[in-house]
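S.K.: dropping the sequence and predicted coords here.
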Amino acid sequence: MTIEEIRYDFTEHGEHFQNFFSKIIKLIIISKLNCQESSETSVKYFNEIVNNIEDCKTHRVKYSKSMMFTKFLEYEFTYQTIKAIIKITSKNLIDIRFESIISDFVKFFDDLSSNIKTIKWNVTNINNNGFQENRKIKEEKSNIDSTNTKTNYKEKNEIKTIFNLLESFIEALYYLSSISPDNNKDSLIGKMIEIKDVSVNRKNLSIEILIDEKIIIINFSPKKSNPISIVLDNDNNTGKTIKELILQNKNF
């Protein structure tokens, strides 16, 4: 087991802190993405999500049930691949504890989060893997009528909505990580933050996040009437606060 604690200090370059924070959260979300292969709808939407992340593919892992995970920049992720615990010690100072059974993954996270490469999602990815290629071949062989065209348009909008919700989620975390903890229980400064699981269940995306080891489960849905719900919250109702911030943004 490789364990490394790294401090990233933006005290003198505060203007870069938000970009770094957003990038590391994006990277963690991508590394935790998964779905059970037993659900055809889940697999379809998982593929669509991954297909809209640049340099990202899918791969299959056999547990008690067959699961699908991401392969990002040639690195294959699973439940056990990497653990990243974030602590914002002050407004522009962030400590991250990386844990992995493979030392290369710690180096990959550190290098990618620190360099100038942008992680792009909510885009159309031309680099499809086997799962996506098979589906594409079937689509090309079929005659696409007007009904199918409308269906595809609807699905693309649903995937776009999920990514917009993720962007708003990251912005909400950043906001809570930048406000003073003095007389503000919603502040995440000084608290341990870990995104533990990001799973696709049919058309929904569920994020399990730990704040000081207290579990919060947030569910994102492409439904306009109820795009976000809090399945489980902590004593401070941080999940509810995140939901309110996302709904205020309304970028979906």
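M.R.: Thanks, I have the structure now. What you see is a predicted model, and the numbers here were worked out from it, not measured in a lab.
S.K.: which residues of the stretch 101-250 of the chain fall in helices?
M.R.: Here the stretch 101-250 of the chain has its helices, by DSSP state H, counting those that start in this stretch, at 103-114, 130-141, 146-176, 238-249.
S.K.: deepest of those helices, which one?
M.R.: Using mean count of other C-beta atoms under 10 Å, the stretch among the helices of the stretch 101-250 of the chain with the largest mean neighbour count is helix 238-249, at a mean of 18. In short, each C-beta sits where N, CA and C put it, glycine included.
S.K.: other SSEs contacting that helix?
M.R.: helix 146-176, strand 214-220, strand 228-232 (3 or more C-beta pairs under 8 Å, 6 or more residues apart in numbering; DSSP states H and E).
S.K.: what's the angle between it and strand 228-232?
M.R.: 180 degrees (axes from the mean of the first three to the mean of the last three C-alpha atoms, to 10 degrees).
S.K.: starting at the chain centroid, how far to helix 238-249?
M.R.: Remark: helix 238-249 is offset 17 Å from the chain centroid, using C-alpha atoms, centre = their mean, to the nearest Å.
S.K.: among the helices of the stretch 101-250 of the chain, which gets the worst mean confidence?
M.R.: Between the helices of the stretch 101-250 of the chain, the lowest average pLDDT goes to helix 130-141, which shows a mean of 51.
S.K.: name the nearest residue to Asp233, ignoring sequence neighbours.
M.R.: Spatially, and ignoring its direct neighbours in sequence, Asp233 is nearest to Gly239 (4.0 Å; C-beta to C-beta, 6 or more residues apart in numbering).
S.K.: same question, Lys214
M.R.: Here the residue nearest Lys214, using C-beta to C-beta, 6+ apart, is Asn234, at 3.9 Å.
S.K.: likewise Phe108?
M.R.: Using C-beta to C-beta, 6+ apart, the closest residue to Phe108 is Tyr75 (5.8 Å).
S.K.: for the one you found, give the beta-bridge partners.
M.R.: On the basis of DSSP bridges, Tyr75 is bridged to Phe72.
S.K.: using JSON lines, lay out the helices and strands packed on helix 238-249 together with distance to Val198.
M.R.: As requested, the helices and strands packed on helix 238-249 are exported to JSON lines (distance: least, C-beta to C-beta, whole Å):
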{"stretch": "helix 146-176", "distance to Val198": "9"}
{"stretch": "strand 214-220", "distance to Val198": "10"}
{"stretch": "strand 228-232", "distance to Val198": "14"}
